[in-house]
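Participant: What follows is a predicted structure for the sequence shown.
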Amino acid sequence: MNRTQARWVVLAVAALTISWASPVQAQETGKKVGEKLDEVGREIKAGLNRAGSAAKDQFARAKSSVQAMGMESRIYGRIHWDKALNDATIDLTATGDGVVTLDGTVADAKAKRRAVELTQDTVGVTRVIDHLAVRPAPSPGP
């Protein structure tokens, strides 16, 4: 039996006691039952407030995660279809607050700037953390 169930049992016993007690005893017991009901009501209200806050927090985290996934898809699409980044290997990570981290390698400095620019210009992006490396130029043959 949990705590709430135990309280209801106590209240039921108190109600039965009131019905069999003298008027003075009934009045005193009634006050005690009323106080107990008030206390139980406050605890229920506090529990509902905690549950509501937890649900709001969970929803905010889920919403943030979904928004980050949508943003990643938009960025991947823009990078994938850009000819300047055709041979680039780029991984990205987005957070719900719009921060995107780019990792990987690109052909040259121009491609690096283009990847950062495409990312910055994507809806929902607030900041870009650039960890892209430029691939070294191939050495001339012998």
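Facilitator: Yes, it's here. Residues are numbered from 1 along each chain as shown.
Participant: Could you point out the helix or strand that follows the strand or helix carrying Glu43?
Facilitator: Element membership of Glu43 [criterion: DSSP states H and E] is helix 23-80. Sequence-wise, the next helix or strand downstream of helix 23-80 (DSSP H and E) is strand 89-94.
Participant: Pull up the pairing partners for that next one, direction included.
Facilitator: If you go by DSSP bridges, strand 89-94 pairs up with strand 99-106 (antiparallel).
Participant: okay, the angle between the partner strand and helix 23-80?
Facilitator: Interaxial angle of strand 99-106 relative to helix 23-80 (axes from the mean of the first three to the mean of the last three C-alpha atoms, to 10 degrees): 30 degrees.
Participant: List the buried residues of strand 99-106.
Facilitator: By 16 or more other C-beta atoms under 10 Å, the buried positions in strand 99-106 come out as Val100, Thr101, Leu102, Gly104, Val106. In this view, the C-beta of every residue, glycine as well, is placed from N, C-alpha and C.
Participant: How about the contacts made by the last one?
Facilitator: Val106 is in contact with Leu85, Ala88, Thr89, Ile90, Lys112, Ala115, Leu132, Ala133, Val134, Arg135, counting by C-beta atoms under 8 Å, 6 or more residues apart in numbering.
Participant: How much space separates the spatially closest residue to Leu118 that is not a sequence neighbour from Glu117?
Facilitator: Spatial nearest neighbour of Leu118, chain neighbours left out: Arg78 (4.6 Å); criterion: C-beta to C-beta, 6 or more residues apart in numbering. Distance, Arg78 to Glu117, using C-beta to C-beta, to the nearest Å: 10 Å.
Participant: If you count surrounding residues, which of these two has more?
Facilitator: Applying other C-beta atoms under 10 Å to Arg78 and Glu117 shows that Arg78 carries more neighbours, namely 17 against 13.
Participant: Check what pLDDT that one gets.
Facilitator: Arg78 is assigned a predicted lDDT (pLDDT) of 90.
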